[in-house]
Every structure is written in C-alpha cells, then in structure tokens.
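Asker: can't give you the sequence, but here's the structure:
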C-alpha cells in the first residue's frame, strides 16, 4: 500500500513558492523613500482609473469590525483582511489585526502573505508623505502629531524622509504616551528633535504640518479658525461615520480638502458630517491622485487638508513593492 505523505510535507510543497513576510521582514525591507515613490505611483493609477477596486465591506460583530479590501492593479491581485477590536486596549493587545494576501493577477497564483498591521502602517505613512511632499508649506521644518500610537510613529519617520525636519512635536491625551513616543522615535530620526506638546493648541501654533492619528469620536484639535491659517493638516484616524478628528473651524476654512479615495466622503465622519451640515461643498474635495500635477499647497492664507481612510489600491502597490524587494519578480 502506497504511503500517504505527511500533512506537513503536503503543505510545504503547496506553499513552497509563497513568501511569508512578517513585521520584522517588512521593517527590514522597507526603504522609506522608495515606498513614498510607490504610493505616488498608486495615486497616479487611481487618477488614471487603471485598477479594479470594489467597495470594501464592513461587517460588525458586536463592538468588533471586520473589513475586506480587495483590489487588482499593476499585475497583482490582493486583498487585505482587517479586524478591529477596540476592547483589546484593556488587554494590552493591538486594536487592529490584519493579514495581506498577494496573488499574480493573470493566473491568481498566490505569491505572498504579509503582516497586515505593519503593511498598513508603512503604506499609510508613505501615502501621507506624498501629501506632505506636494501640499506642505514650502520649507516646513516642524511637524506636530496628535496621537502617540503606531501611526504617529510611522508618520514621524516618513515626514523626516520628505521634509527638511528640525523638530517633531507630539501630543497625546495620556502624557506618558507622548513621553514614551519621544524617547522611542528620537533615535530613528537622527538630528531631528522630538518633544511632547502640553496641549493640542500649542502643537498647532508651532507646526506648519499637523497630523491627527487617533481613533477619537470627537475633534482632537481646537475649534479656532485663526490657528489653522497656512497649515497642512493630515488626518488619518477617522474611518467610520461616527469618528471625527477635525473641528468645524478647520473644515470651513480649508481652501482644499484632498482625499486618498472618494469612499472617504461616506466612510469618515470628518467628511460625512461637514457635508451633511453644509460646512463646505463637494467642489472643495478632490482625490489627491488627480491633483498631483497642480496641487494647492498650504501657505499664507491657504489651509489645506489631506484626509485618508486607506484603500486597497495602496495596499496592493505597497505589498507588491515589498514582495519584489524580498526577491519576488513575478509582476505579470
């Protein structure tokens, strides 16, 4: 009787050509400037319509959420599966868990499984860096970050890659988190000074570029119009209709609001609420990819907002870039 192969041997054979890239692999592979270029390429693909990206479904399971984010572009097919569990904070666990699957577009052969949390941090920071490169006031040397979590750390690193930074300020409603942020990120930024801010108002007054990276349901910046003159505000935290980081005064006074994807108009409370209440019209909102040729840069008398909710197109470009850096050359 013919011996049946062991299960482990079957699995090893089936997945021998699939690269598994965990968080340490992605960190080792990541070249920040190259990732920014990859995200700029993704934004241009969005503007050209050279992709297929169905709306991402959200499934609620009590307080938890499951998101499925499929997309085909640039010879690859990918989907990221994201689970959000707010209660994890009480257990000291990450709130967001995710896995990215990458396939060859033509044949649907599996190519890679990537750590979704690290991929999300890298692609979100890199996408925001594209916005900073094109929209920040000329010569901006200081950035303020509200929210001392994982996304805040990625944004500090990517900002230092595209701006001539001299200082990063960070505010968190838990002062100990801001202090820890400064201690941990400083060694990664070289000569860039990192220090906590006492209040969000102090941070906005000092910084021409402001990043909000929280999961707040209420605005985390002061509702004072004069504070935002000439600033670029990058908001990445709100991805559900009940979540808001940005105050009314900022949105009413913004010369232009750029988005990563038009789905942001329905998905994020930072846009859905102002549109419903008439604080500004859709004529002031534009996808960043369509504006890269002639963007409105923040400066004297011009406040600009970049609002991100994340999209699968960015995930596919980032995953493909990292897969190829890992030795894959399977672009279809």
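Answerer: Yep, that arrived. If you're wondering where the values come from, they're calculated on a predicted model, not measured in any experiment.

Asker: Flag the shaky bits of the stretch 151-300 of the chain, pLDDT-wise.
Answerer: Scanning the stretch 151-300 of the chain for pLDDT under 70 picks out nothing.

Asker: Which residue ranges of it form strands?
Answerer: Using DSSP state E, counting those that start in this stretch, the strands of the stretch 151-300 of the chain run over 167-171, 193-196, 209-212, 232-235, 256-259, 285-287.

Asker: Output these as CSV; include the columns mean neighbour count and distance to residue 96.
Answerer: To be clear about C-beta, it is placed using only N, CA and C from the backbone, and glycine gets the same treatment. As requested, the strands of the stretch 151-300 of the chain are exported to CSV (neighbours: other C-beta atoms under 10 Å; distance: least, C-beta to C-beta, whole Å):
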stretch, mean neighbour count, distance to residue 96
strand 167-171, 24, 20
strand 193-196, 17, 24
strand 209-212, 28, 17
strand 232-235, 27, 17
strand 256-259, 24, 21
strand 285-287, 17, 24
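
Asker: now these as TSV including distance to residue 74?
Answerer: Listed next are these as TSV, based on distance: least, C-beta to C-beta, whole Å:
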stretch	distance to residue 74
strand 167-171	33
strand 193-196	36
strand 209-212	28
strand 232-235	25
strand 256-259	21
strand 285-287	18
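
Asker: Residue 86: which of the ones you listed is closest?
Answerer: Proximity to residue 86 (C-beta to C-beta) singles out strand 209-212 among the strands of the stretch 151-300 of the chain, at 18.0 Å.

Asker: still on that earlier bit, mind checking which of the strands of the stretch 151-300 of the chain is nearest residue 110?
Answerer: strand 285-287 (30.7 Å).

Asker: Direction included, what does the closest one pair up with?
Answerer: With DSSP bridges as the test, strand 285-287 is paired with strand 256-259 (parallel).

Asker: Report the contact partners of residue 121.
Answerer: Contacts were defined as C-beta atoms under 8 Å, 6 or more residues apart in numbering; by that measure residue 121 touches 150, 151, 153, 154.

Asker: which residues touch the last one?
Answerer: Okay, so that is residue 154. Counting by C-beta under 8 Å, 6+ apart, residue 154 makes contact with 121, 122, 124, 125.

Asker: And those, which is closest to residue 102?
Answerer: Among the contacts of residue 154, and counting by C-beta to C-beta, the member closest to residue 102 is residue 122, at 14.3 Å.

Asker: measure the residue most central in space within the chain to residue 249 for me?
Answerer: When C-alpha atoms, centre = their mean is applied to the chain, the residue found nearest the centroid is residue 124 (2.0 Å). Note on residue 124: its distance to residue 249, by C-beta to C-beta, to the nearest Å, is 26 Å.

Asker: my guess is residue 96 meets residue 83, correct?
Answerer: Yes: contact criterion C-beta atoms under 8 Å: residue 96 and residue 83 qualify, at 7.4 Å.

Asker: need the contact list for residue 59.
Answerer: Listed by C-beta under 8 Å, 6+ apart, the contact partners of residue 59 are 65, 66, 67, 68.

Asker: which residues does it bridge with?
Answerer: Where residue 59 sits in a bridge, its partners, by DSSP bridges, are residue 66.

Asker: hmm, back to that, what about the contacts of residue 154, which are in helices?
Answerer: 121, 122, 124, 125 (DSSP state H).

Asker: In JSON lines, list those residues along with distance to residue 162 and pLDDT.
Answerer: Output for the ones in helices among the contacts of residue 154, formatted as JSON lines (distance: C-beta to C-beta, whole Å; pLDDT from 0 to 100):
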{"residue": "121", "distance to residue 162": "16", "pLDDT": "95"}
{"residue": "122", "distance to residue 162": "14", "pLDDT": "97"}
{"residue": "124", "distance to residue 162": "14", "pLDDT": "97"}
{"residue": "125", "distance to residue 162": "10", "pLDDT": "97"}
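
Asker: Of these, which is the nearest to residue 275?
Answerer: Relative to residue 275, and with distances defined as C-beta to C-beta, the nearest of these is residue 124, at 23.1 Å.

Asker: how far away is the closest one from residue 116?
Answerer: 12 Å.

Asker: Equivalent analysis for residue 293, please.
Answerer: 32 Å.

Asker: More neighbours: which of the two?
Answerer: residue 116 (23 against 9; other C-beta atoms under 10 Å).

Asker: hang on, that one packs against residue 83?
Answerer: No: with contact defined as C-beta under 8 Å, residue 116 does not reach residue 83; the gap is 9.2 Å.

Asker: Find the residues that touch each one of these two.
Answerer: 97, 98.

Asker: Please name the residues that touch residue 40.
Answerer: Residue 40 touches 130, 133, 292, counting by C-beta under 8 Å, 6+ apart.
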